[in-house]
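Asker: generate a structure from the sequence data that follows.
(2 chains)
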Amino acid sequence: MTTGINLPSVETQLERSLWEIGIPPRPVILDQISTEMQKDEPDVHHLARIIAADVALSASLINITNSPYFGFRGHVNTPREALMVLGLNVTGKAIAGIIMRRAFPSSPHLERFWDASARIARLSGWLAQNVTHNKLRADDAYTFGLFRDCGIPILFARHAGYAQILNVANHDAMRSFTDVENDTLPTNHAMVGSMMAQNWWLPDETINAIRYHHHIEMLDATSIPPTLNSRYNIAVAQLAEHLLQRHSGLSMTQEWVKLGESCLRLLNLTEDDVSRLLIDAAPVIKSA
Amino acid sequence: MLYFKNLIVAGRTAKMMTHALKQNMPKPAIDSATGFLDRNSCFAKIAQLASLSTPDQPLTLIWISLDRFKQINQSFGHHGGDEVIVQIAQRLKNKAGPRVEWCRMSGDEFLCIALNCEDAEKLTDDLLHEIEVPLPLGDLLLHPSASLGMAQLSALEDPAECLERADRAMNTAKRAGGGRAITSGDEPLPGRMGVHLAHHELVVENKLHLALQQNALRLHYQPSVDADGRIVSVEALMRCAGHDLSPAEFIPVAEKTGLIIKLGEWSLFEGAHFASRLARAGYSIPVSINVSRAQLATAHFSQALHSALLCSGVRPEQIELELTESLFMDNSMAIQENLRAAHRAGVNIAIDDFGTGYSCLANLKDICAGKLKIDRAFVVALPEDKRALSVIRAIARLGDELGMQVVAEGVENQAQLDALKQAGIHTIQGYIHAHPMPEESLLSWLANRKSL
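Answerer: Numbers count the residues shown, from 1 in each chain, chains lettered A, B, ... in the order given. You can find the predicted model right below:
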């Protein structure tokens, strides 16, 4: 790739990837990052310039790199420094997370959904460091938190009756969330989200964790795929959601009733630990 | 290519080890940087400890290969690279404790030999996480990762074989992108277990993984044209852009390794989105998508299909699934249930490569397929082979009687086309009409035909 004057601006790439039909396509910048990653000598400067051309993207990337919830307590000021600190692999994940939200058309009633995802992502990053002792990387936990439910806005846009289905699924204390969706759609947001993640060529663990995040058998299983990493992702994000709901006093779902016990078993935590975490995590929960 | 290099080394490992065992190594040689045993001494150590291994507490071997070490060397110079190795070696040693033996197998590879290890999987995980703790190097914080393969010596097993298993597991971890540990015999890809890939297949598999990471997978589209020149459908075919990998190479390897499920789901999604774009461009031409046996056997096939339909917004009749004939005779409950689900969803179903499998003709009447695609082997034999022509004529009749459309694939020249017409086949797919093309080329091809 030449480094001529006409750098492809990320902004135009985003315009091209605007959500016309189907799912948001994989951002071109992710291709550029993986191309560099395969090289013996990745051209970090070139990537840094591409990112810097998009002011909002650079700001978000710097923000994330400096955020303790992403696992990197850096003090970087430029995209180039962020790239150096995160490495290409993690930068790719960070950018995927940042661009994902922008790849969806903005809509007032989805704002709350995105805010909730962002809160789950931050708390998941914190939990990865404080509960799993980095068995799960904070950046993985954070990214998964953002992507976990990305099937929901897609289905909102694609299926007129989805709000109603979501309402029923949220209140069902017996059947799994995705089973409720399957009865009507007949598919579910976890499947749709995992297919979007697949189309973005995210890591297999992320794809599997998205696909199975309402499957209790995936939390309980011991030796079958998905890998332990996917299972930790699922459990940590579920715990994050539970803590946030307990903190706000608003429990709008039945997921903890159905999955909580398995999550705690996998993470080797007790109910007492959860109460303690609720106190310890208060600064993180209030931080946004 | 790192893992691939290792694999060759592994073959040699067994020989070197046998050699070392015969030799009664006098004194162990130590790697000066890390203080670990060097590669040659490790074999004697393994042999010595293997003799103490019991079924309750078997000898555990963990092969550790640092990921992207070459990049570290290049970014920080060899001095920096050495520094990283020394620090990581020290950490590993501290983490595993005194009852573990360590060897340096190559520049960026270590072997952990543990006897009396209570929980080998936990030790493996612990080592992985120890490596992943960020490491200060100059002003920067480095984030190392590694691929680990763990194997435990089973009764009557040759220690060299166990070492090879650890190496293979590590290579699987490396191929899956690194940053993970895999237990031998526990390799995560479905279909991967017990699959031995030949040397050239490993090269292909490696290239394919690289290509996927770079988003190089594309669908090309080849139209089928009927007697009136109408485009009946376009078949979506997977291609790898810019990686010197033909589908004839990578599809069999993907099938062997289970990767075909992922590729198939991607095609289904991508193909459905293309069908939707075609419709928006004013062409109501169905897009035909190949589905493999492994993909059709997954529990979530129907959900994947419905996700593709829902997300793309395409009408089901604009999608056609191509399945080989043997799938219709398959006894697997999952496959039969998924076939019914596809039919219920309203997508078209085509029987691919018809005539070469072992179909039971009696079953054909019960199959929900609307199209038969004659295997190209019959077409290639035309026009000379009269017996092939007879079979084709019979298939044409059969299709007519059952109300199925019959298509001939792989038609390259006028003589074949004429013979097929004579035999009663009027829908043709092949170079004689068009090669498989990328989306943009197909759209201009369609536009050109329209204006004719």
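Asker: list the contacts for the closest residue to chain B within the stretch 151-288 of chain A?
Answerer: Proximity of the stretch 151-288 of chain A to chain B (C-beta to the nearest C-beta) peaks at residue A:187, 3.9 Å away. No exception for glycine: its C-beta is placed from N, CA and C like everyone else's. Taking C-beta atoms under 8 Å, 6 or more residues apart in numbering or on different chains, we find residue A:187 in contact with A:181, B:302-304, B:306-307, B:310.
Asker: one more time with 10 Å, if that's ok
Answerer: A:151, A:155, A:159, A:178, A:181, A:195, B:300, B:302-311 (C-beta atoms under 10 Å, 6 or more residues apart in numbering or on different chains).
Asker: now it. Its backbone dihedrals?
Answerer: Reported as degrees, to the nearest 10, the phi and psi values for residue A:187 are phi -150, psi -170.
Asker: give me the pLDDT value at it.
Answerer: On pLDDT, residue A:187 comes in at 95.
Asker: likewise for the one 5 residues further on?
Answerer: Among the per-residue scores, residue A:192 shows a pLDDT of 96.
Asker: does it touch residue A:147 like I think?
Answerer: No - checked against C-beta atoms under 10 Å, the pair residue A:192 and residue A:147 is beyond contact range at 11.7 Å.
Asker: which neighbours do these two share?
Answerer: Shared contacts of residue A:192 and residue A:147 (C-beta under 10 Å, 6+ apart): residue A:210.
Asker: more neighbours: which of these two?
Answerer: Neighbour count, other C-beta atoms under 10 Å in any protein chain shown: between residue A:192 and residue A:147, residue A:192 has more, with 31 against 27.
Asker: tell me the secondary structure at the more buried one.
Answerer: State at residue A:192, reduced to three classes by DSSP: H, G, I helix; E, B strand; the rest coil: helix.
Asker: tell me the contacts of it?
Answerer: Applying C-beta under 10 Å, 6+ apart, the residues near residue A:192 are A:23, A:150-155, A:158-159, A:181, A:185, A:210-211, B:269, B:303-304, B:306-308, B:310-311.
Asker: repeat that for residue B:445.
Answerer: By C-beta under 10 Å, 6+ apart, the neighbours of residue B:445 are B:221, B:223, B:231, B:234, B:433-435, B:437.
Asker: which one of those residues has the most neighbours?
Answerer: The most crowded member of these, judged by other C-beta under 10 Å, is residue B:234 (30 neighbours).
Asker: ok, back up a step: just the buried subset of the contacts of residue A:192, please.
Answerer: Using 16 or more other C-beta atoms under 10 Å in any protein chain shown as the burial test, the contacts of residue A:192 include A:23, A:150-155, A:158-159, A:181, A:185, A:210-211, B:269, B:303-304, B:306-308, B:310-311 as buried.
Asker: just the ones in helices from those, please.
Answerer: Members of the buried ones among the contacts of residue A:192 lying in helices (criterion: DSSP state H): A:151-155, A:158, A:181, A:210-211, B:269, B:303-304, B:306-308, B:310-311.
Asker: show me where the stretch 201-350 of chain B has strands.
Answerer: For the stretch 201-350 of chain B, the strands defined by DSSP state E, counting those that start in this stretch cover B:217-225, B:231-240, B:287-290, B:319-324, B:348-354.
Asker: quick check: mean pLDDT of the last one?
Answerer: When pLDDT is averaged along strand B:348-354, the result is 93.
Asker: and the helix or strand following it, what's buried?
Answerer: Sequence-wise, the next helix or strand downstream of strand B:348-354 (DSSP states H and E) is helix B:361-364. By 16+ other C-beta under 10 Å, the buried positions in helix B:361-364 come out as residue B:364.
Asker: after helix B:361-364, which helix or strand is next?
Answerer: strand B:371-374.
Asker: let me see the mean pLDDT of that following strand.
Answerer: Here strand B:371-374 scores 94 as its mean pLDDT.
Asker: ok, it: who's next to it in the sheet?
Answerer: Partner strands and pairing direction for strand B:371-374 (DSSP bridges) are strand B:348-354 (parallel), strand B:405-408 (parallel).
Asker: right, and chain A sits closest to which residue of chain B?
Answerer: Per C-beta to the nearest C-beta, residue B:306 is where chain B lies closest to chain A, at 3.9 Å.
Asker: disregarding residues adjacent in the polypeptide, which is nearest to that residue?
Answerer: Of all residues not flanking residue B:306 in the chain, residue A:187 sits nearest, at 3.9 Å (C-beta to C-beta, 6 or more residues apart in numbering or on different chains).
Asker: go on, residue A:23?
Answerer: Per C-beta to C-beta, 6+ apart, closest to residue A:23 is residue A:196, 4.7 Å.
Asker: look up how far residue B:419 lies from that neighbour.
Answerer: For residue A:196, the distance to residue B:419 equals 47 Å [C-beta to C-beta, to the nearest Å].
Asker: could you do residue A:166 as well?
Answerer: Counting by C-beta to C-beta - residue A:166 and residue B:419 are separated by 58 Å.
Asker: those two: who's more crowded?
Answerer: residue B:419 (24 against 18).
Asker: hang on, that one in a helix?
Answerer: Yes - counting by three-state DSSP, residue B:419 is part of a helix.
Asker: which residues of the stretch 1-150 of chain B lie near chain A?
Answerer: When proximity is defined as C-beta under 10 Å from any C-beta of the partner chain, the stretch 1-150 of chain B approaches chain A at B:67-68, B:70-71, B:74-75, B:121, B:125-126, B:128-130, B:132-134, B:139-145.
Asker: out of those residues, which are buried?
Answerer: B:67-68, B:70-71, B:75, B:121, B:125-126, B:128-130, B:132, B:140-145.
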